[in-house]
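**Q** With the sequence up front, the predicted model follows.
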Amino acid sequence: MISATVTSVPRIGPNRELKKALEGYWNDSTSARELATTATRLHNQYTDALVAAGCDSFPTLGRSYYDQILDLCSIFDVLPERVQNIPSHPNDGLPADIDRYFATARGTAEVAASAMTKWFDTNYHYIVPELSRDTVFKVGYEYLADIREQGVRNPGLRPVLIGPVTFLALSKSIDGSDLFDLLPELTQAYARLISRLARTEGVDYVQLDEPILVTDFDRFNLVRETYTTLAEHANLVVATYFGCANRAIEALSGTGVKGFIADLVTSPSELPAWTGEEFLLAGVVDGRNVWRTDLHQALKLLRSLAARGPVGVSTSCSLLHVPYSLENEQLDEHLRSRLAFGAEKIAEVATLAQALKEGTDLPALETATDATATRSTLGRNRTPLERRRQAQEDLGLPPLPTTTIGSFPQTPEIRRARAQLVRGEITADAYDARMLAEIEDVIARQEALGLDVLVHGEPERNDMVQYFSEQLEGYHATSNGWVQSYGSRCVRPPILFGDVSRPAPMTVRWYEAAQKLTDKPVKGMLTGPVTMLAWSFVRNDQPLAVTADQVAEALREEILDLEKAGARIIQVDEPAIRELLPLRKQDHAEYLEWAVGSFRLATAGVKDSTQIHTHMCYSSFNELIDTVIDLDADVTSIEAARNGMGVLAALKQSGFHLGVGPGVWDIHSPRVPSQQEVDDLVSAAVNNVDPALLWINPDCGLKTRKWPEVEASLKVLVTAARNARAALV
């Protein structure tokens, strides 16, 4: 059996090497061979680190270039029909379908990208497969070449694939069919693939990840049938994470599966209902947060489990959710002593495995608790909506007002100035002057485009969470704590380690600079309390609800200062509110009570005449319409274009009565949408939502886009709004 391992490994590189290679390939400055070589080198480096630490099984994703779900679409030849005319790539180290693969993820000038959404309740994203009752699963074996090469180099390699049940559960049916009707055929495709993997040199086990089994998924009869078949073809390890593994273990015990990986961090009070017939890799080291493991308590749990059967040690989930290493971080020593990034978590796994094997004891780590922490008592309710609408009429906005979500392109010049400031090559005054010049340019461009509500463009912000964390007490911003969000997109989550407060205004001067340049309203722009938590590594010594309220109080102070400075529209973004929703419905109410409450705490102090906006993206919000209503924002903009306006039917059915801006331009693709595409999306919105409530905006911020495509796409958006206004008249 396996004694020490991690559930899965990151792919982006400690210094974002794969990101740079990917973006170089996309803009033709990096060759296909260089991209393939970079991916292989990064994987081998991580495997070497596991070997050096004393682990005895090494997970591999092969050379994964974007996302594991998309990898399976490629392996099984089920990339969307619309990309099939893109030619195969020459055999120079990359898969033959690599350009179709990237077109599915990013789109091209001719074809739209597939939908992208959150990976369970994390800040990672996956590309949603598009399947139908006519889908046929083939098996491409190019993936095996990578595994074979790596297995020869490091025997003990363990290929990792998303399991068939989770793959289907997370896919989109493009014809309304029940995708689980495809499970028997998909199971046979998996059987062919894992059978070949099992015969690959250096491979002892194949890992199939089935995180869907910790949710409210209820088709466990299909799970048992599927794995009884698959277990005949390879030594299988089934991994679940982000929740209690009990139902999965119960369903899979006795099917022939050799072992389980169970997350014992997310639900510490729910120990695995495991009989010892299969081996258990106990996920006692947290793969999602950056705090050190209490080794004494973890070892105590491991020994109690070992009395029931064969036990090894693992992380609770993939290490792609945490930064690579503490080695190059500049940290207060007290804070450093509390932290563990990827490299340190590998060491913890190895230490625990050795202690479990040899019967040695380990010193306990100190853990902090705060049983007296309480929630804020400030008011969380605004006056009734109709009264606010009357007070906001003097904004003078036209029907179907146009706006953007907040950020505009972070140009090379902006990034260069920020880097020069960090290195001390320019003064803070010189940096501010460059940012003010950028704001002046952004306002002028928006005026020329004819947008109705403007933004300052956020040139001064490195990231929508990090920027605020650097100005709030209780946060630490890392210098190299990068994790992958999607594709080549990386984020650097700050560490929320203490009580949060706001020493001084954070955004007011930038808002004032922008508003002086125009007679049109400029939005104040903030990141909401739930997103500030979701995209940070948050202290685990007090309830999240208490920490959320501390952030909300700091934001409330900032909102009131913006209002005093003249801001009539203030946007408080909450793209992550769906992300943190617990995976089981029984836990939803408690979460939504504090999540909604913290947003309302932040926004409830303003006058009726101040219009509060919020923004949400990266998730399906059909099931959260009631939550959007409970937030009580005057206007909510929602990602909708990439999902074909699927949220509109839910809005109509719910009798939605707040302002709403379903996105009409998918900004995650470099393509410029046609006028007809956007006209059709706006028309669909008008037909499902009261036009008096409707705003016209992109899906998300424009930080990652380039100016030519931004201006071309916004011209299309503004024209679509004008066309729709004319039709209304």
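**A** That came through, no problem.
**Q** switch to C-alpha atoms for all contacts and neighbour counts from now on
**A** Will do.
**Q** can you give me the helices for the stretch 351-500 of the chain?
**A** Using DSSP state H, counting those that start in this stretch, the helices of the stretch 351-500 of the chain run over 385-392, 412-422, 428-449, 466-469.
**Q** In a markdown table: these, plus mean pLDDT, mean neighbour count and distance to residue 690.
**A** Shown next, in a markdown table, are the helices of the stretch 351-500 of the chain (pLDDT from 0 to 100; neighbours: other CA atoms under 10 Å; distance: least, CA to CA, whole Å):
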| stretch | mean pLDDT | mean neighbour count | distance to residue 690 |
| --- | --- | --- | --- |
| helix 385-392 | 97 | 14 | 15 |
| helix 412-422 | 95 | 15 | 40 |
| helix 428-449 | 98 | 17 | 25 |
| helix 466-469 | 96 | 21 | 36 |
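**Q** low pLDDT regions in the stretch 551-700 of the chain?
**A** Scanning the stretch 551-700 of the chain for pLDDT under 70 picks out 618-621, 644.
**Q** The chain too?
**A** Using pLDDT under 70, the chain drops low at 363-372, 618-621, 644.
**Q** one step back: indicate which one of the helices of the stretch 351-500 of the chain is closest to residue 166.
**A** For the helices of the stretch 351-500 of the chain, the distance to residue 166 is smallest for helix 466-469, at 32.4 Å, taking CA to CA.
**Q** tell me the domain boundaries of this structure?
**A** Per the record, the chain has its domains at 17-358, 385-409+452-728, by automatic domain parsing.
**Q** related to what we said a few turns ago, any idea which of the helices of the stretch 351-500 of the chain gets closest to residue 596?
**A** helix 385-392 (16.9 Å).
**Q** Which neighbouring elements make contact with the closest one?
**A** Counting contacts by 3 or more CA pairs under 8 Å, 6 or more residues apart in numbering; DSSP states H and E, helix 385-392 packs against no other helix or strand.
**Q** now it, how far from the centre of its chain.
**A** 35 Å (CA atoms, centre = their mean, to the nearest Å).
**Q** Repeat that for stretch 185-200.
**A** That offset, for stretch 185-200, works out to 30 Å (CA atoms, centre = their mean).
**Q** outside of that stretch, which residues touch it?
**A** Here stretch 185-200 makes contact (CA atoms under 8 Å, 6 or more residues apart in numbering) with 76, 136-139, 141, 144, 147-148, 151, 159, 164, 203-206, 226, 229-230, 233-235.
**Q** circling back: and of the domains of the chain, who's closest to residue 374?
**A** domain 385-409+452-728 (6.0 Å).
**Q** The residue nearest the centre of the chain in helix, strand or coil?
**A** Computing the C-alpha centroid of the chain and ranking residues by CA atoms, centre = their mean puts residue 123 first, at 2.4 Å. Here residue 123 takes the coil state, with states given by DSSP: H, G, I helix; E, B strand; the rest coil.
**Q** related to what we said a few turns ago, just the buried residues from the contacts of stretch 185-200, in PyMOL please.
**A** Remark: buried members of the contacts of stretch 185-200, expressed as a PyMOL selection using 16 or more other CA atoms under 10 Å:
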select buried, resi 76+137+138+139+144+147+148+151+159+164+203+204+205+206+226+229+230+233+234+235
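**Q** What about the contacts of stretch 185-200, which are in helices?
**A** 144, 147-148, 151, 164, 226, 229-230 (DSSP state H).
**Q** can you give me the strands for the stretch 101-250 of the chain?
**A** 116-118, 125-127, 130-131, 157-162, 172-173, 206-209, 236-239 (DSSP state E, counting those that start in this stretch).
**Q** And the last one, what does it pack against?
**A** In this case it means strand 236-239. Partner elements for strand 236-239 (3+ CA pairs under 8 Å, 6+ apart): strand 206-209, strand 259-263.
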